[in-house]
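Here you go, sequence then predicted model.
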Amino acid sequence: MKLAVVILGVQNSGKTETLRKIVKKYTGLPQKQMKAGWRFLSIFKEKIWELKLHAFFVPASPSETKYKLEDRILDLGHSPEIIFLAEQTDGENRKSTFDFLEENKYKILDFELSNKNGGGIWDRFTPESKEEKLDTRTKEVITRLKEEIKAVLLKKN
């Protein structure tokens with residue numbers, strides 16, 4: 001099973017902030033500067049056990065950095081099982097990003113940020129609504145990720 005969590009949005013819409021919040025909440029580590037790399041996420045945590053996921057993060061979209069996802073993954077030497085990445089809605093590398101994920105059989109969980117102000121969790125945030133929206137986004141992303149993992153585990157039994 002390969003999973004890709006893709007946060008879509010226009011430039012400066014909160015894609016990286018959303019990924020940063022996920023890392024902070026599920027690793028316990030603050031991320032002042034978010035760089036591409038591996039993180040252990042504790043998404044299933046009980047009193048006596050926890051399951052950590054080893055995920056690869058690409059917080060700056062391939063369209064913004066001009067560094068295609070397939071090139072970044074080739075530089076790693078192997079395809080991660082779980083990728084979290086930001087991508088621009090109409091970015092020049094958006095198509096190649098999704099083509100790479102599909103060709104490499106990733107199940108894509110995509111979340112699109114709105115470019116408008118509003119009360120929805122995927123709308124732009126204000127300084128007053130930032131923490132609440134990021135918390136709610138994080139919960140929704142991780143809930144969907146957990147559902148996918150549980151479905152795969154149940155299918156194997």
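Ah, there it is. Numbers count the residues shown, from 1 in each chain.

What are the buried residues along stretch 117-125?
121-125 (16 or more other CB atoms under 10 Å). Every C-beta, even on glycine, is put in place using the N, C-alpha and C of the backbone.

Just the CA trace of that stretch, in CSV.
In CSV, the C-alpha atoms belonging to stretch 117-125 read as follows (Å, rounded to 0.1, in the frame of the first residue of the first chain):
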residue,chain,number,x,y,z
ASN,A,117,-11.9,34.0,3.0
GLY,A,118,-14.7,32.2,4.8
GLY,A,119,-15.7,29.9,7.6
GLY,A,120,-14.9,26.6,6.0
ILE,A,121,-11.8,24.7,7.2
TRP,A,122,-10.3,24.7,3.8
ASP,A,123,-10.9,28.5,3.3
ARG,A,124,-8.1,31.0,4.0
PHE,A,125,-7.4,31.6,7.6
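
can you map out the helices along the protein?
15-27, 62-65, 69-76, 94-103, 130-156 (DSSP state H).

Quick one, which of these gets closest to residue 50.
helix 15-27 (10.4 Å; CB to CB).

Keeping just the C-alphas, turn the closest one into PDB.
Taking C-alpha atoms only, helix 15-27 is exported to PDB below (Å, rounded to 0.1, in the frame of the first residue of the first chain):
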ATOM      1  CA  LYS A  15      -0.400  24.400   2.200                       C
ATOM      2  CA  THR A  16       2.900  24.300   4.100                       C
ATOM      3  CA  GLU A  17       1.300  25.600   7.300                       C
ATOM      4  CA  THR A  18      -1.100  22.700   7.200                       C
ATOM      5  CA  LEU A  19       1.700  20.200   6.800                       C
ATOM      6  CA  ARG A  20       3.700  21.900   9.500                       C
ATOM      7  CA  LYS A  21       0.700  21.500  11.900                       C
ATOM      8  CA  ILE A  22       0.400  17.800  11.100                       C
ATOM      9  CA  VAL A  23       4.100  17.300  11.900                       C
ATOM     10  CA  LYS A  24       3.900  19.300  15.100                       C
ATOM     11  CA  LYS A  25       0.800  17.500  16.300                       C
ATOM     12  CA  TYR A  26       1.900  14.000  15.500                       C
ATOM     13  CA  THR A  27       5.600  14.100  16.200                       C
END
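
so it versus helix 130-156, what angle?
60 degrees (axes from the mean of the first three to the mean of the last three CA atoms, to 10 degrees).

how distant is stretch 61-75 from the center of its chain?
15 Å (CA atoms, centre = their mean, to the nearest Å).
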